[in-house]
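Undergrad: Provided below for reference: sequence and predicted model.
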Amino acid sequence: EGEIPPSLRVFPFQWIDLTEPSKKAKVFSAEPIFASGQLDEEVDVVPMDMTFTYFGEKYNSTAISVNGFIALGINATDRNAILSMTGLNSYPTQMPSPQLPNNVIAPFWMDLAFDGVEGNIYYRTFKPETADKSFDHLIIQWEKTRIFHQRNTIATFQIVLFSEGGILFQYKTIDAANMR
C-alpha cells in the first residue's frame, strides 16, 4: 500500500540498432556480451552506467540472460544461482518466487539459444547531453536469437530502461511461423 508504480509514459517505436554503428544514433561502442558460437543458458552481469529506479529501488547493474530476460540487483554469486535455475527450467514458472531470479523484466522469456556466428546480445547506455538525467537509458538487444531446437524461429528484440523507471519493449523481428 502506498507504493507508486513507475511513471506511465508512451514511447514511440524508435529502433536504435546496436549492431550497426551510426553517427546519427551515436552508437559506436556497443559490444556483444558473449563470445560468438553456441550459446545456451548463459547469464552475464553487466554495469548499467546509470541508476535505474524500479519500484522505488535503485539499481546500477543487471544480469542479462540468453533466455530473453534481465534480473536487477544480481551479483556474481547470484549469477550462478540463475544459471542453475535456468539450466533446469528455461521457462518462467511461479512469480513471484523465493528463488532467483527476482526483479525480473522479461521482454521474451523463452528457452532461447544462439547457434553459430549469427546473433548475440548487445548493450549500451546512452547519456544525452542534457542536464535532465531522466533521458539516460540503457538498451539491451537480443540479435537473431532462436528458440532452442527450433532453427527456423528467429527473434530480434530490445528492452530499453529509462533512468526514471520507464521500460520499453521493442520487437524488430519475430519469425515464429514454425514456433511450437
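TA: In hand now; what should we look at?
Undergrad: Return, as residue ranges, the portions of this protein with sub-threshold pLDDT.
TA: Applying pLDDT under 70 to the chain flags the ranges 1-12, 21-41, 76-101, 115-117, 130-134, 176-180.
Undergrad: Spell out the residue ranges of the strands in it.
TA: Per DSSP state E, the chain carries strands over the ranges 31-32, 39-40, 43-54, 57-65, 69-72, 104-105, 112-114, 120-126, 137-147, 150-162, 167-175.
Undergrad: My read is that Asp49 contacts Phe126, right?
TA: No. Judged on CB atoms under 8 Å, Asp49 makes no contact with Phe126 at a distance of 9.4 Å. Every C-beta, even on glycine, is put in place using the N, C-alpha and C of the backbone.
Undergrad: what residues do these two have in common as contacts?
TA: Leu138 (CB atoms under 8 Å, 6 or more residues apart in numbering).
Undergrad: Which among the strands of the chain is found nearest to Ile16?
TA: Within these, the stretch nearest Ile16 is strand 137-147; the backing value is 6.1 Å (CB to CB).
Undergrad: Pairing partners for that closest one, with directions?
TA: Sheet pairing of strand 137-147 (DSSP bridges) gives strand 112-114 (antiparallel), strand 120-126 (antiparallel), strand 150-162 (antiparallel).
Undergrad: Give me whichever of those is most buried.
TA: Among the strands paired with strand 137-147, ranked by average contacts under mean count of other CB atoms under 10 Å, first place goes to strand 112-114 (a mean of 23).
Undergrad: rewinding a little: could I get the strands paired with strand 137-147 in TSV, plus columns for distance to Tyr59?
TA: TSV is the format used below for the strands paired with strand 137-147 (distance: least, CB to CB, whole Å):
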stretch	distance to Tyr59
strand 112-114	23
strand 120-126	13
strand 150-162	9
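Undergrad: Which one of the strands of the chain lies nearest to Trp15?
TA: strand 167-175 (5.8 Å).
Undergrad: List the contacts of the closest one.
TA: Identification of contacts with strand 167-175 by CB under 8 Å, 6+ apart yields 6, 11, 13, 15, 17, 105, 107-108, 152-162.
Undergrad: And it, what's buried?
TA: Neighbour counts over strand 167-175 (16 or more other CB atoms under 10 Å) mark Leu168, Gln170 as buried.
Undergrad: I'd like to know how far the closest residue to Thr51 other than its chain neighbours sits from Asp44.
TA: Closest residue to Thr51 in three dimensions, ignoring its sequence neighbours and counting by CB to CB, 6 or more residues apart in numbering: Lys58, at 5.1 Å. When distance is defined by CB to CB, to the nearest Å, Lys58 is 21 Å away from Asp44.
Undergrad: Just want to know which of these two has more residues nearby.
TA: Using other CB atoms under 10 Å as the criterion, Lys58 and Asp44 rank with Asp44 on top: 15 against 12.
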